[in-house]
Structures are given as structure tokens and as C-alpha cells.
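**Q** the sequence and its predicted three-dimensional model are supplied below.
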Amino acid sequence: MIDTVIIGAGPYGLSVAAHLRHQGIPFRIFGRPMDSWLQHMPKGMMLKSDGFASDIYDPEQAFTLRQFCAERGIKYADTGVPVQLETFGAYGLAFRDRMVPELEDKLVANVDRSPGGFVVRLEDGETIQARRVVLAIGITHFEYIPESLAQLPPEFLSHSARHREVEPFRGRSVIVIGGGASALDLAGLLQEAGAQVQLVTRRRELKFHSQPTGKPRSWWQQIRHPQSGLGPGMRSRFFADAPAAFYYLPESLRLEIVRKTLGPSGGWFIRDKVIGKVPLHLSCTPQGAYVQNGKVRLSIQAADGGIHEVVAEHIIAATGYRVDLERLKFVSPEIRSKIKTVGGAPVLSTGFESSVPGLYFAGVAAANSFGPVMRFAFGAGFAARTITRALAKSASHETASIPAQSVAASSK
């Protein structure tokens, strides 16, 4: 039986693995490296996070994004220079090669309980016994599409996570639904690729991050709006740097903060590709859609209550992600039924452990417990350090209990 199995090979899974490796805790890690970034985000997009907030974490910070860019001759700055998606993906693969060579590019088919821990079955048929399992599965399991659209056939509706390439939409008419980074990035890139794009959003106005001026910030600006891994501001600084303190806020307040904080917005660099170039339907809510004569007709309700239709060949729902553990079909129904949840997300201990002993969650699934930083790569450092301490403590308790059990057995 191995000590730990990590499922997922994005920034969180790789960071946890690097920390376990440094600590000498035996583990195996499975997943397609950087899959969300390399396969489920459109080519040409850029990260909203600053360079300094886009690291993958090893305990000694021996391989940062800054170092990777310096080695490859890629332009980099802690702030002010957007990080290309391709750069971040390549950095993740390089981090894998250097810090987590144990990564096995295999998919997990099933996780179930077994005496003393878990049994993990891979798609190739191999089974592994593990005392603990860390689920660092990222966002792609939790794609959200509004119920009013879900009945459309896939040739007329898709989620934004399904579009690595935008070139196939050249010359086609597309409706993008949403007002966040995914929607704005896709709308801008589709328009640039020659698609006929319309953007539908419930927001009254689109929000974009402020473009860096390149000028030094005054001491007063630094005090009032300190920089953080989630952007400037006291609240962002708290959410970024104090997830352990966030954990102790009342549950209702935590859920409200996670729901409302760092809402939909685009990077400053995408603004000029959208504003004045993509037709916008603001303050509009999708009511339903149907297919007629090879086109999809989307019914939207405006703020004044009026309803009208928008017609295109395809709808892309850039409507984000909602954590719902029932969608993790590779986790056995028995385990899922025993995980205490709130709003579909697991209730976690201070060490990221769920109500099922030995089962840990990292990343977006931990946001309700540790705050909005868990939705960003910046949170991977805290998660990796905390989970590693918890696993080391658990392993030491198990080791310490062995002599006592042996003595008890010999005295019988």
C-alpha cells in the first residue's frame, strides 16, 4: 500500500507532489499535465494573474515562472507584462520534468474505499492501494451550462472549455454568453479569427482590469491598495495571503464572499479586441433557445422586460464552473454519499481533509473553505504546504501507533 495518490496534474497537483517529494512521503500522481490550460483554454489568450502570482510551487521556490522565462528568453515582469497561455503551459510541463518526474500520464477510472484506505483503479486496469487520496482535479469536471440551454444538441451548443482552437469558427456566426474572462477572451479571439460574434451578458457593463501605467506607485497607494496575488486592495490581500484565517470566518460569510468576490472581469489586454468590435447585448438574460433551419435562435430578456431573439450558427456558453461533487463519477457513489457538502462543495478540515478520512481536496473545490484564492494558481502554494503538513502528521501518528499495537498483540 502506497501512502498517497494524487489525482490531477495542474498547478495544484504538481505543487502538492513537489512538496511530498521534498518531504520524502511516498506517492504516485496521475493525470494529463496542465490539461485544463493546454486543452481547455483558447490559444492566444493571456492570464489575468500577474507574473509573480503565476508560479507553480516547490518548497524551495527553485523553479519559478521568472526563472523559466529567463532560461527560455521569454519576456517577463512580476507585474505589467501579461503571461501568455502558451508560456504558462510550457512552464507547467517544464516544472513536471524538473520537479515531478514521477507523474504518470494516466487517467483514473474509479476511486473506492478499501480496508485501511482506498483502492484506485486506472483506465488501463491497474489498481493501487493507497492510505490517502488527494483530489486536485481542477475545473473541467465542473463546467456549468444554464438549464435553459442544456437541451440544445452539441452541434449548436458547447461550453467555452471545449474550445482550444477558434479557427474552425472563421466565417461562422457565434453567440458567446457570459461576461467574465473566458467570455471576453473567446469573443475577442473569435472576432480576430474572422467569426461573426455577438456577446450576451447579464452585466450592465463589462469590467476590465486597469492597465498598468508603468509608473512607481506612491507609498499612500501601496498602503491603501497593497499588491497581492489576487490584485490590489486590502480585501484581495487578505484573501490571497490569509486563507488559514479565512477558514475561521462564519460559514455563511465565507460562502457569500466566495460567491461575490472577484466577479466576472477581463484582462486589460483584451478590451480593445472586444469594445467597438463585438456587438454587445448587455443586461440580457437567456430565457431559452431552439433550432430552426440550421440556426439556433436564442431568446433573451432585457432589463426592461422586453424579449427578443438573437440568431447564430452556434452558442458558446462561457458561463463558468460550479463545484458539484456528484459530477465526479470516477469517485464511488459510497464515497460521494459520505462526503459532507455545502452547496455541492466539500466541507474541509484545516488540513484540506474531507469528512471521509484520508480524502483531501485541493483547488477550486476548496474555495468555500479557504476562500477565492483557491480558484487561482496563486493558492496552490498554501494548499501544497498545508496538505503536506497534514499528511506528514498523519503518517507520523500511524508510525507511532505500530509499537503499541505490537505490544498489545504480544501480551495476549
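**A** Yes, it's here. Numbering: from 1, shown residues only.

**Q** surely Pro26 and Met1 touch.
**A** No. Contact criterion C-beta atoms under 8 Å: Pro26 and Met1 do not qualify, at 9.7 Å. All C-beta atoms are positioned from the backbone trio N, CA, C, and that covers glycine.

**Q** contacting residues around the closest residue to Ala53 other than its chain neighbours?
**A** Using C-beta to C-beta, 6 or more residues apart in numbering and skipping the chain neighbours, the partner closest in space to Ala53 is Gly229 (3.9 Å). Neighbour list for Gly229: Ser49, Asp50, Phe52, Ala53, Ala240, Asp241, Val373, Phe376, Phe378 [criterion: C-beta atoms under 8 Å, 6 or more residues apart in numbering].

**Q** the same query, at a cut-off of 10 Å, please.
**A** 49-50, 52-55, 236-237, 239-241, 373, 376-379, 381-382 (C-beta atoms under 10 Å, 6 or more residues apart in numbering).

**Q** same thing with Met1?
**A** Contacts of Met1 (C-beta under 10 Å, 6+ apart): Pro26, Ser114, Pro115, Gly116, Gly117, Phe118, Val119, Ile128, Gln129, Ala130, Arg131.

**Q** out of those, which sit inside strands?
**A** Counting by DSSP state E, those place Ser114, Gly117, Phe118, Val119, Ile128, Gln129, Ala130, Arg131 in strands.

**Q** just the buried ones from these?
**A** Gly117, Phe118, Val119, Ile128, Ala130, Arg131 (16 or more other C-beta atoms under 10 Å).

**Q** so how far is Val108 from the fifth one?
**A** To tie it back to what came earlier, the one meant is Ala130. The spacing between Ala130 and Val108, counted by C-beta to C-beta, to the nearest Å, is 11 Å.

**Q** any shared contact partners between the two?
**A** With C-beta under 10 Å, 6+ apart, Ala130 and Val108 have common neighbours Val5, Val120.

**Q** poorly predicted segments of this protein, please.
**A** 213-214, 397-412 (pLDDT under 70).

**Q** how does it divide into domains?
**A** 2-142+321-407, 157-208+265-317 (automatic domain parsing).

**Q** so which of those domains comes closest to Ser252?
**A** domain 2-142+321-407 (9.7 Å; C-beta to C-beta).

**Q** picking that back up, take the domains of the chain and lay them out in CSV including distance to Glu256.
**A** Below are the domains of the chain laid out as CSV (distance: least, C-beta to C-beta, whole Å):
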stretch, distance to Glu256
domain 2-142+321-407, 10
domain 157-208+265-317, 19
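
**Q** hang on, the earlier thing: tell me what the residue nearest to Ala53 is bridged to.
**A** Counting by DSSP bridges, Gly229 forms beta bridges with Gly231.

**Q** i'd like the first residue to be 33 from this point on
**A** Got it, the first residue is 33 from now on, which makes the last one we talked about Gly261.

**Q** distance of it relative to Ser81?
**A** 7 Å.

**Q** what touches both of the two?
**A** Asp87, Phe408, Ala409, Phe410.

**Q** what's the most distant pair in the residues you listed?
**A** Asp87 and Phe408 (11.3 Å).

**Q** identify the contacts common to those two.
**A** Pro43, Ser81, Gly261.

**Q** and stretch 97-113, how far out from the chain middle?
**A** Mean C-alpha position of stretch 97-113 versus that of the full chain (C-alpha atoms, centre = their mean, to the nearest Å) differs by 22 Å.

**Q** now do stretch 259-271
**A** 18 Å.

**Q** gap between the two ends of that stretch?
**A** Start-to-end span of stretch 259-271 (C-alpha to C-alpha, to the nearest Å) is 12 Å.

**Q** next: stretch 227-237.
**A** 23 Å.

**Q** in it, what's buried?
**A** Across stretch 227-237, burial judged by 16+ other C-beta under 10 Å covers Ala227, Gln228, Val229, Gln230, Leu231, Val232, Thr233, Arg234, Arg235.

**Q** make sure the third one is indeed in a strand.
**A** The reference is to Val229. Yes. Inclusion of Val229 in a strand is indicated when DSSP: H, G, I helix; E, B strand; the rest coil is applied.

**Q** from Thr293, how far off is it?
**A** With C-beta to C-beta as the criterion, Val229 and Thr293 are 29 Å apart.

**Q** now Arg163: how far from Leu294?
**A** 36 Å.

**Q** ok, now Ile61?
**A** 29 Å.

**Q** who has more neighbours, these two?
**A** Applying other C-beta atoms under 10 Å to Ile61 and Leu294 shows that Ile61 carries more neighbours, namely 26 against 19.

**Q** my guess is the more buried one is in a strand, correct?
**A** Yes. Judged by three-state DSSP, Ile61 forms part of a strand.
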